[in-house]
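Q: Just to be clear, the model below is a prediction. Sequence and coordinates:
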Amino acid sequence: MTIRGRGAVVRAAGAPFEIVELELDEPGAGEVLVRLVATGLCHTDLGVQAIGAPFELPGILGHEGAGVVERIGAGVTAVAPGDKVLMSFTSCGACEACAAGHPAYCDTWFPRNVLGELRGTDSAATRIDGEPTHAHFFGQSAFAEYSIADERALIKVAPDADLVALAPLGCGVITGVGSIWNALDPGSRDVVAIYGAGAVGLSAVWAAARRSPARLIAIDRVPERLELARRLGATDVLDASSEDVPARIAELTGGRGTTLAFDTTASPAVGAQALASTAVGGTVLIVGVAPPGTELPVEMTGLLQGKSLRGITMGDADPAVLIPELVALHAAGELPLELLTRTYPLADIDRAAHDMHGGVTVKPVITF
């Protein structure tokens, strides 16, 4: 039986989102048909839209889905029809990294998520006007009323869960929170700097504030986002559009620098600045998707002072562990996701992308 519903396709690099009717096959083994309620819009989606790679276009993007299970394929046991689910990245579940609780470093993470490959022989196709189109982005392709998702991309939530509020947990929020809790792990004596106050950066500010570091500095170019950072726990905010950030960090830290820094900008200049402003023995953690071939200039002598530079994927999070914890914190009123989000109907997805690019909205959420 063919499933039909609207979705947003990007036909080529730089092309706008176009609303079309999609046709989906029945879910194959290990797959689940999800009726979407909401999907967060992420900079990764916009990056692929802009350059048409590495996920092949034309195709359906979207990887922060939230919805209700309609049907399940053979072998699916984690969810059943009628269950509410959040959607995150997928993984093989069998390699050493997956077995150790680090599915973001799955041996096949890139082809499964970014390329939408390594699917079963009976995996459901997605079509436009009868012609197959690329789908299965992050195991879901959730900019559509219906999605064929990997079972391992789904996290079951309670029947009364607010799916519109919780949709951003699938990527942006777990990346920010996981990067702080799983990688940087700040303590009470640390001076933490967060470069970039988008959804990932603001989630990181919230997560770091819960560890009560000695100082928590947020850096951005949009005053409204810096005010949000203060509300989420930043002790200091720096406006990179008008302040000398390295000089201000030196001033705030008595010349020592930050002990922990998290760069969410994907800007080589910002990454280099973060490393230069880090204290002896400090760590800089890099996230953000830069164009292929982008290089980060590193002053090597500084590394001899015991500084560390590392990257991270998806906050090194196991969605099956971290997402339920964050859902509970939101239900308890401790995780104010609503401060970051603004909803847009599917027909306005291009306006949502424009508002995100322009800094008007931190985290657009597309509703169906």
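A: It's in.
Q: Helix, strand or coil: sort out residue 228 for me.
A: The local conformation at residue 228, judged by DSSP: H, G, I helix; E, B strand; the rest coil, is helix.
Q: Would you confirm that it contacts residue 197?
A: Yes - counting by Cβ atoms under 8 Å, residue 228 does reach residue 197; the two are 6.7 Å apart. C-beta here means a position set from N, CA and C on the backbone, and glycine is covered the same way.
Q: shared neighbours, those two?
A: Both residue 228 and residue 197 are contacted by residue 362, under the criterion Cβ atoms under 8 Å, 6 or more residues apart in numbering.
Q: Show me which of those two is the more surrounded one.
A: Counted by other Cβ atoms under 10 Å, residue 228 and residue 197 do not tie: residue 197 has more neighbours, with 28 against 23.
Q: for the stretch 1-150 of the chain, what spans make up the helices?
A: For the stretch 1-150 of the chain, the helices defined by DSSP state H, counting those that start in this stretch occupy 43-51, 96-99, 109.
Q: Mind listing residues that contact the shortest one?
A: Meaning helix 109. 89, 91, 103, 313.
Q: Show me where the stretch 251-368 of the chain has its helices.
A: 268-276, 300-303, 319-331, 349-357.
Q: Pick the most deeply packed of the ones you listed.
A: When the helices of the stretch 251-368 of the chain are scored by mean count of other Cβ atoms under 10 Å, the highest mean neighbour count falls to helix 268-276 (a mean of 20).
Q: Check which helices and strands that helix sits against.
A: In this structure, helix 268-276 makes packing contacts with strand 191-195, helix 245-252, strand 258-263, strand 278-286, judged by 3 or more Cβ pairs under 8 Å, 6 or more residues apart in numbering; DSSP states H and E.
Q: Between strand 258-263 and that helix, find me the angle.
A: Orientation note: helix 268-276 sits at an angle of 160 degrees relative to strand 258-263 (axes from the mean of the first three to the mean of the last three Cα atoms, to 10 degrees).
Q: List the contacts of residue 186.
A: Contacts of residue 186 (Cβ under 8 Å, 6+ apart): 180, 192, 208, 211, 213, 259-260.
Q: switch the cut-off to 10 Å
A: Applying Cβ atoms under 10 Å, 6 or more residues apart in numbering, we find residue 186 in contact with 180, 192, 207-214, 216, 259-260, 262.
Q: chain center to the helix or strand bottoming out on mean pLDDT in the chain, what's the gap?
A: Here the helix or strand of the chain ranked lowest by mean pLDDT, DSSP states H and E is helix 300-303, holding a mean of 88. Relative to the centre of its chain, helix 300-303 is centred 31 Å away, using Cα atoms, centre = their mean, to the nearest Å.
Q: Over to stretch 163-183?
A: Centre-to-centre, stretch 163-183 and its host chain are 7 Å apart (Cα atoms, centre = their mean).
Q: got the end-to-end distance for it?
A: 28 Å (Cα to Cα, to the nearest Å).
Q: what's the average pLDDT for that stretch?
A: The average pLDDT within stretch 163-183 is 98.
Q: same question, stretch 50-60
A: If you average the pLDDT over stretch 50-60, you get 94.
Q: Show only the entries of the contacts of residue 186 found in helices.
A: 207-209 (DSSP state H).
Q: Need phi/psi at the residue of the chain most remote from its centre.
A: Distance from the centre of the chain peaks at residue 254, with 34.2 Å (Cα atoms, centre = their mean). Here is the backbone geometry of residue 254 (degrees, to the nearest 10): phi 60, psi 30.
Q: How about residue 148: what's its closest non-neighbour residue?
A: Once flanking residues are discounted, residue 148 sits nearest to residue 124: 4.3 Å by Cβ to Cβ, 6 or more residues apart in numbering.
Q: Now that that neighbour has come up, it's in contact with residue 72, right?
A: No - using Cβ atoms under 10 Å as the test, residue 124 is too far from residue 72 to be in contact (11.8 Å).
Q: shared neighbours, these two?
A: 27, 31-33.
Q: Looking at the residues you listed, which two lie furthest apart in space?
A: Pairwise distances across the shared contacts of residue 124 and residue 72 peak at 7.5 Å for 31 and 33 (criterion: Cβ to Cβ).
Q: Looking at these two, which is more packed in?
A: Higher neighbour count among residue 31 and residue 33: residue 31, with 28 against 22, using other Cβ under 10 Å.
Q: quick one: the residue farthest from the centre of the chain from residue 214, how far?
A: 11 Å (Cβ to Cβ, to the nearest Å).
Q: overlap in contacts of those two?
A: Residues within reach of residue 254 and of residue 214 at once, by Cβ under 10 Å, 6+ apart, are residue 191.
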